[in-house]
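Participant: no sequence for this one, just the structure:
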């Protein structure tokens, strides 16, 4: 930051000359890039802009037009100001023509009533300039180092935004091209006031270049993107005045880091999905308060207040894992497909990955929306958009809730339903907790030691017998029970003659000490077999 004309006037080397501002006081905030001593009337041709001209006036023209031309030439080259020492050419005051021209143009003119060593002024000012340049260089180096580290670490957009806000001391907001907030740091300002009616306010700020300042809004804005593809805007919310150059450099460096990191992670997920995922994760882990969840969702264009909220979890029967999907890109594509289905059905929802094999949705329904119709429409759209996966898609739905604070419960219930439904047959449009029935319940209890003890107590001897003798009695028992204890049908399903199959049933009775003609015994064994299936999966 260069010193201003006012800063120069306040220097001791200048104050010794008893300075007096006689014109252009409104221009005292002009930055002084250099100090130039010149007595010639066409000094402007030697200037590059930003210079403070020191003179005694001995060679200035006498006529009115010449003085006006002298001032006009200084203004045209953007000189910072003019300092004239009185006593050699002008005894007590400067010519009115010079003062009037400078006042009209806003060019600061300062008179020195005492003889002053100009070299002392130049040394003092140049010292300020060099110190300011060094400080600016150090600040620039600090900015580049901070954002280079974030780029190397592959920092999340929220981390980059937080760093920009911390270094500028101002709120910083990252939005997409639809003016939806992807990340923000309020820098001590109330988030509600920062983001209130954000989309409407943001649409009124239009740039004529990649980086620009909107005086009306007080926003410094720069585009975010690379390779000719912009995908967002980074906004520094100022305090009303023109931002200093350091803030422009800071914001552009932060935008470059965001663009670079987006290129690095483009094969993982889009920034919108990443932002949705972070918010869904925050709901599940209680990382955000209810007010913050509501505010962040609203900034993303998803209104949660006053809506019925339904947690939904998507899985694939064959497993959404890198091996099954060939890469994490497949999971990313599945998430994007789910988001596309939401848009096609004109639903409002947060959509993002929950873990390596689940996609989560928090659907916000209007009062006029029918829950089943909305979910059936979403299911149909999702399967239409992913025909190769249609048969394997499992849509698990939690109970609808009426408040944001209960959204976590709906999402957790949907996760539990998905855990069970993914192992069930059938092609239902979606599953709720009543649909997973006994098989689903046992799957949910698979980590419970009591279920493991029950399975071992009921089937342990038969499992040990099979392991010792190389038989398949557990499989035969399952076939028998699946066919409703119809021995003839079970024998056909096992591809055995009836006597052979009957002999195996008698052996099972001896090993387990049970009577397979008793309904209660068969029921207990059937539950144990389903429990064993859940444990093995």
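Facilitator: Alright, I've got the coordinates. Just so you know, these numbers come straight off a predicted model, no measurement behind them.
Participant: so residue 364 sits in a helix?
Facilitator: No - with DSSP: H, G, I helix; E, B strand; the rest coil as the criterion, residue 364 is assigned strand and is not in a helix.
Participant: and the gap between the residue lying closest to it once chain neighbours are set aside and residue 374?
Facilitator: Nearest residue to residue 364, sequence neighbours excluded (CB to CB, 6 or more residues apart in numbering): residue 307, at 3.9 Å. Every C-beta, even on glycine, is put in place using the N, C-alpha and C of the backbone. Residue 307 sits at a distance of 12 Å from residue 374 (criterion: CB to CB, to the nearest Å).
Participant: now the common contact residues for those two.
Facilitator: Residues within reach of residue 307 and of residue 374 at once, by CB atoms under 8 Å, 6 or more residues apart in numbering, are residue 365.
Participant: do I have it right that residue 67 meets residue 95?
Facilitator: Yes - taking CB atoms under 8 Å as the definition, residue 67 is a contact partner of residue 95 at 5.7 Å.
Participant: identify, by residue count, the longest helix of the protein.
Facilitator: Longest helix in the chain, counting residues (DSSP state H): helix 118-153.
Participant: for that helix, list every residue counted as buried.
Facilitator: Residues 118, 121-122, 124-125, 128-129, 132, 136, 143, 146-147, 150-151 are the ones in helix 118-153 that count as buried (16 or more other CB atoms under 10 Å).
Participant: what about residue 220, which SS state?
Facilitator: strand.
Participant: distance of it relative to residue 234?
Facilitator: Residue 220 sits at a distance of 9 Å from residue 234 (criterion: CB to CB).
Participant: and these two? which has more neighbours close in?
Facilitator: Applying other CB atoms under 10 Å to residue 220 and residue 234 shows that residue 234 carries more neighbours, namely 28 against 25.
Participant: so where does the more buried one fall, helix or strand?
Facilitator: Assigned by DSSP states H and E, residue 234 belongs to strand 229-237.
Participant: the domain parsing of the protein - what is it?
Facilitator: Listed by automatic domain parsing, the domain ranges of the chain are 5-126, 154-264, 300-439, 449-536.
Participant: strands of this protein, residue ranges please.
Facilitator: Along the chain, the segments classed as strands by DSSP state E run 19-23, 34-37, 51-55, 81-85, 109-112, 172-176, 181-185, 211-214, 219-226, 229-237, 308-316, 348-355, 358-365, 393-397.
Participant: tell me the helices and strands packed up against the last one.
Facilitator: For strand 393-397, the contact count by 3 or more CB pairs under 8 Å, 6 or more residues apart in numbering; DSSP states H and E identifies strand 308-316, helix 371-385, helix 407-421 as packing neighbours.
Participant: what sits up against it?
Facilitator: Residues outside strand 393-397 that contact it (CB under 8 Å, 6+ apart): 310-317, 375, 378-379, 382-383, 386, 414-415, 417-418, 421-422, 429-432.
Participant: now with 6 Å, please.
Facilitator: Outside strand 393-397, the residues within contact range by CB atoms under 6 Å, 6 or more residues apart in numbering are 312-315, 379, 414, 417-418, 421-422, 430-432.
Participant: same deal with the third one?
Facilitator: Where contact means CB under 6 Å, 6+ apart, the residues beyond strand 51-55 that reach it are 32, 34-37, 39, 79-84, 118.
Participant: got the angle for that strand vs helix 118-153?
Facilitator: For strand 51-55 against helix 118-153, the angle by axes from the mean of the first three to the mean of the last three CA atoms, to 10 degrees is 170 degrees.
Participant: what strands line up against strand 51-55, and which way round?
Facilitator: The pairing partners recorded for strand 51-55 under DSSP bridges are strand 34-37 (parallel), strand 81-85 (parallel).
Participant: just put the ones you listed in a markdown table and tack on distance to residue 26.
Facilitator: Shown next, in a markdown table, are the strands paired with strand 51-55 (distance: least, CB to CB, whole Å):
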| stretch | distance to residue 26 |
| --- | --- |
| strand 34-37 | 21 |
| strand 81-85 | 12 |
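Participant: can you redo the buried residues of helix 118-153 as TSV with pLDDT?
Facilitator: Formatted as TSV, the buried residues of helix 118-153 follow (pLDDT from 0 to 100):
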residue	pLDDT
118	91
121	91
122	91
124	90
125	89
128	85
129	85
132	77
136	74
143	85
146	88
147	89
150	87
151	84
